[in-house]
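# Model the structure of this input:
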Amino acid sequence: MSELSKTIPKHYELKLAQDFYRLRREGIAFIEQMGSSLWTDYNIHDPGITILEALCYALTDIAYRAGWDINDLLTPEPNKPFSKQPFFTAREILTVNPWTPDDFRRLLIDLESVRNAWIFCKRCACDVSYYAWCEKDQLKLSYQKPEPQRSLQTKKVEPKGLYDVLLELEADPELGDLNDHKIEYATAVSDKDGAKHPVTIELRFPKQSIENSDEWELFQNDSADFTATKMRLGATKTFDVFTDPSLKTDNERDEYIRRHWRDIFYLDLEIQFSTSNFTIENVTMRLFSGTAVQQTLTAAYMKVLFIDNNVGNVVIRRYREKTKRMKKSIESAKAALHNHRNLDEDYCKVRVVNLEDVAVCADVEVKPDADIEWVQARIWFEIERYFNPPVPFYTLQELMDAGVPVEEIFNGPELNSGFMKGKDLDAASLKSVLRVSDIINLLMDIDGVIAVNQLQLVKYDAEGHMVKGAADPSWSSDGKPVFDANITSASWLLYIRDQHQPRLYMNGSHFFFYKNGLPFRPRMDEARDTLTQLRGEAERPKAKGAPKDLPVPTGKYRNPDDYFPVQYSFPLTYGIGPDGLPSHASDERKAQAKQLKAYLMVFEQVLGNALTQLAHTAELFSIDAGVARTYFVKEFKEALIEGFDEIKKGLDKNAVGDIAETPQEFQERRNRFLDHLMARFGEQFGEYALLLTNLEGQQVALKDLIEDKIAFLNVYPLISHNRAKAFDYTKPPASDDVPALKKRIGLLLGRPGLRFIVVEHLLLRPKFPGDALYPICSDGPCNTCGDEDPYSFRLTFLMPGWIEPFKTNMEMRDFADRTIRQEMPAHLLGKICWVDNDGFVENLCDPIIGELAELLERNGKTVGGERPSGTDACVCATIIYTAFSKAFREWYENKALDYVHPDLLKKPLETEFDMKINPNTISCTALLDPLWAEIQAKMVEHFQGVALNGCQFDRFEDAWNRWLEANAKIDWMEERLHERVEAILAKKLVSVSDTQESTEEALCKCAAAILTQCGMEFHTWFENNFTAGRTPDEFTPAFELSDVPLCKNLTFNDWNSVVKEIKFMLKDRYDKYKEVSYRLRVVVDLLGRLSNRYPAATLHDYDEGNDQNPVRLGKTALGD
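As a prediction, this is how the structure comes out:
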């Protein structure tokens, strides 16, 4: 941007239109050029020069006003509404619905309860996959892999486009870290001398078990009061210090506690509700205190503490509140994600990130004057930020002051808490490796620290045990780390599990400080208070109230339409000013003055129009449908020009306006202004405008184009911002919750309310083993190179092939196809179906009549034994068609939206026609009885097609909405059948005999085998009922799982109880899935059977010339 000059130029050069003297010289030069032979006096006293000077001065006034700031020109009068302008703010026009992983992270971190978030593209389906193979040139899909002896090339299919989301929640002032399942309780124990010693009890609760979801729902219910009534305590998951027969006396029990003081204790707490019991098993407990407490604490004291003194209730209530906060945060994150979901994408799981506690130990040498408590707090603080870097929010002004470009500031979704920087998001990614050298470098920068020695890292699992085999690896020849299974502490590198977050474990960390070689210990309470202060100073809170958008520039109203008549600037002697001529002036003199006024009115009108045009600048670029002119005229009245009424005749504003602009000129210019506005955003209606002109004619097309462009611009921020946004399927279907792509396509086609459906195939994927699978199209040769996965990155557009102009105009239909493909996200594959929806319309030109006539003429006999003539056969065929049409119409009237399996449609039609149509009542020259079976078969086949395809759109729309309603009732993220089965198996698992397999791998395979068998049994049972034409309420017999397959290499305690629990759980879940699976089966069946509707064409002889509907391959149909 050029800087303003700091000096005032001596000779400022005006623009030509603002320079009175240059205009005067130019005017005189033109006069000399055109009339020098007749006009030689160019002095100031000459009337012609006087007129020239007056007009030149008026032009400079117009030029001066035209140079006003555009903000002022667009500002209306104070009492008038602002003209509707496409002045979209940066927040409206530059932001987008989340598109990249970082965009979704921004969206989630913006939530009140979320500190950080990560989104991962899921490499496998959400618990559900299936197999595809070719057999007899047909593609087969199944949940079960075919037997090996069949030698088939099988491909495992896992739909793509799914995401897992991890959340790090904000810390709670009362409950602490909401990302872990720990509760700390501080108490004091008195020794035999009565001295009190502080004790910190650390409890780690197990994660919520998904198979006990009903009990957990009750546990988290505010109204459900409870009491901790019993407890088990031991150093293993089965030992109970209170009841084990090996401990006979209290002293032995106390000694057991002291012996395992530094170990982990396992605690079971039984919770008594009003109507039921609930046991929280294997809560791990560690005690942090000095040796005095170790020698004092007794088993009896622990029981009194947790049961009699109500500590158990206190910690459990705190844990309940913690889990409720976690659940609430997850629900808000899920709602935000579904509300911003993109086309053909979905989420598998949203959960709080798993933590790995990391303890840090080191010797720190500090300066003699160092504040040890402050240094300790600073060390904790720096390590915390290294493990878990924050994602700070910035205000708009901060980023503007830092010189960040506006387009970069508003790149991504609009947020409510401020703005983030991309580098901060990158820095806050999940760490996979912790480097000791990085930590030492951070600690050495702390004021007062001289040296950091012997720094070690140790990580702990969810129960609090040290983890081995993740530290200081060696390296293989191919560059991969090789871990020693016996190493626990890292002096170099510590590896973190995938999709886990490291967390500083302060209870397990120890720092020893040295001043001049002497050891010192910090006062921990003061150090913790200082840490709280440091956290508060570094925190950048979410700025909810700060400005989040750049304001629209405002101007000052300057009344550019204020007009001073040119004739008022003439010398008084001309008598055309407001004072006029003296009363004694002659009639001739008055006539001359009026003649000059009339002559000047031409100039007055032109100059007045220019200022009026300037005053209506805002309307030229308005997107208000009420704008009716692009050329504006000045209306002169007696109040503005004295004597105006005496010289006008039949002249009013409308008449002048008609001269300035015809209706066609307005439409052409209005379209050009709107084209300019659209071009600002890289949009255009070029091809559509040509097609519309050919379709409707230029005059009608210009008018419709104005309406279409205004409608497009009015909602442009929405259809631009949400271009790839889908709808929220977790809510019942609503007319206003549709993909933005649908709105955009409708507007680009000039039909904002166009009725069509965008089907996202990924939403139709099977949600559980045994769910409905998409029917495979077998039109082409079989292959497993893409056809086996009809779900990933695919859309189907159900377009209205029965609506004009798309019903008959193939150019408009082709344009719609091109528009859809151009507007679709590039990674998606779209299928466009122009379907029928006319229902049944009796058509006496239907080709079936010709087929009947041909049959009658070829095989029919009259009473006399002769063949009927062609005319008689045609008449007879028409009568037969009319009779069948009447019967079909009555049958079809209330069945247009009903789903009937195609294989089951033939019998009801045969029965209906047998009841309603008697061949003996049909008046026909041919005998119908001998041909009646063949005639009825043809008519049944014909009306089968009508019943299946006559209302394709309405029937699919009804099925689609019914499925959406059923699907919205189930939160598929929380179903997780595989996890449920694994959890049941894990409870009773004793051992894994295969040493090559981990316990997790063995349980996963076992659960997969059980679900595969159950899914196949359900799928077979479901398909048998579905193809029989039954609705879910009519399915018979009830679904029962035959048996649970025994898992090899696994030994269980009481396998029969495991089987019973698994069967009960699966029966309960599958009964719940029956309705939604049926609705999905109907949708995919109808979707797979959709057929394009083409306009009817006619065949004609070459000599007949052109036809309005010529036959075109793949574009027309011979008859309806």
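# Please report the distance of Asn843 from Thr878.
Here the criterion is C-beta to C-beta, to the nearest Å. By it, Asn843 lies 11 Å from Thr878. No exception for glycine: its C-beta is placed from N, CA and C like everyone else's.
# pLDDT averaged over stretch 153-166 - what is it?
Averaged over stretch 153-166, pLDDT sits at 91.
# Give me the distance between the two termini of that stretch.
With C-alpha to C-alpha, to the nearest Å as the measure, stretch 153-166 spans 37 Å from end to end.
# Pull out the buried residues from it.
For stretch 153-166, burial by neighbour count (16 or more other C-beta atoms under 10 Å) applies to 154, 157-166.
# how about low-confidence regions in this structure?
Along the chain, the parts satisfying pLDDT under 70 run over 1-4, 124-125, 149, 151, 209-212, 222-224, 776-786, 1096-1120.
# tell me the centre residue of it?
Arg341 (2.2 Å; C-alpha atoms, centre = their mean).
# which residues does it contact?
347, 725-729 (C-beta atoms under 8 Å, 6 or more residues apart in numbering).
# next one: Val1044
1010, 1013, 1058-1059, 1062-1063.
# Buried among those? Need that as a selection in PyMOL.
To isolate the buried ones among the contacts of Val1044 in PyMOL, judged by 16+ other C-beta under 10 Å, type:
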select buried, resi 1010+1013+1058+1059+1062+1063
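# neighbours around the closest residue in space to Lys653 that isn't next to it in sequence, how many?
In space, and not counting its chain neighbours, Lys653 is closest to Glu635: 4.2 Å by C-beta to C-beta, 6 or more residues apart in numbering. Other residues near Glu635 number 15, with proximity taken as other C-beta atoms under 10 Å.
# residues contacting Glu635?
652-653, 656.
# got it, and Gly234?
Per C-beta under 8 Å, 6+ apart, neighbours of Gly234: 240-241, 244, 265-266.
# do Asn714 as well
Ile623.
# That one and Val940, how far apart?
Separation of Asn714 from Val940 (C-beta to C-beta) stands at 52 Å.
# Check Asp363 too.
Asp363 sits 93 Å away from Val940, going by C-beta to C-beta.
# From the neighbour counts alone, determine which of the two ranks first.
Ranked by neighbour count (other C-beta under 10 Å), Asp363 and Val940 place Val940 first, with 19 against 15.
# Which residue is the nearest non-sequential neighbour of the more buried one?
Once flanking residues are discounted, Val940 sits nearest to Leu909: 4.9 Å by C-beta to C-beta, 6+ apart.
# Repeat that for Arg65.
Per C-beta to C-beta, 6+ apart, closest to Arg65 is Pro560, 5.0 Å.
# That neighbour contacts Gly608, doesn't it?
No: with contact defined as C-beta atoms under 8 Å, Pro560 does not reach Gly608; the gap is 11.7 Å.
# So if we follow the domain assignment, how does the chain break up?
180-309, 354-390+428-458+498-520, 663-711, 712-835, 847-950, 974-1088 (automatic domain parsing).
# I'd like to know which of these is closest to Asp579.
Ranking the domains of the chain by distance to Asp579, with C-beta to C-beta as the measure, places domain 663-711 first at 40.4 Å.
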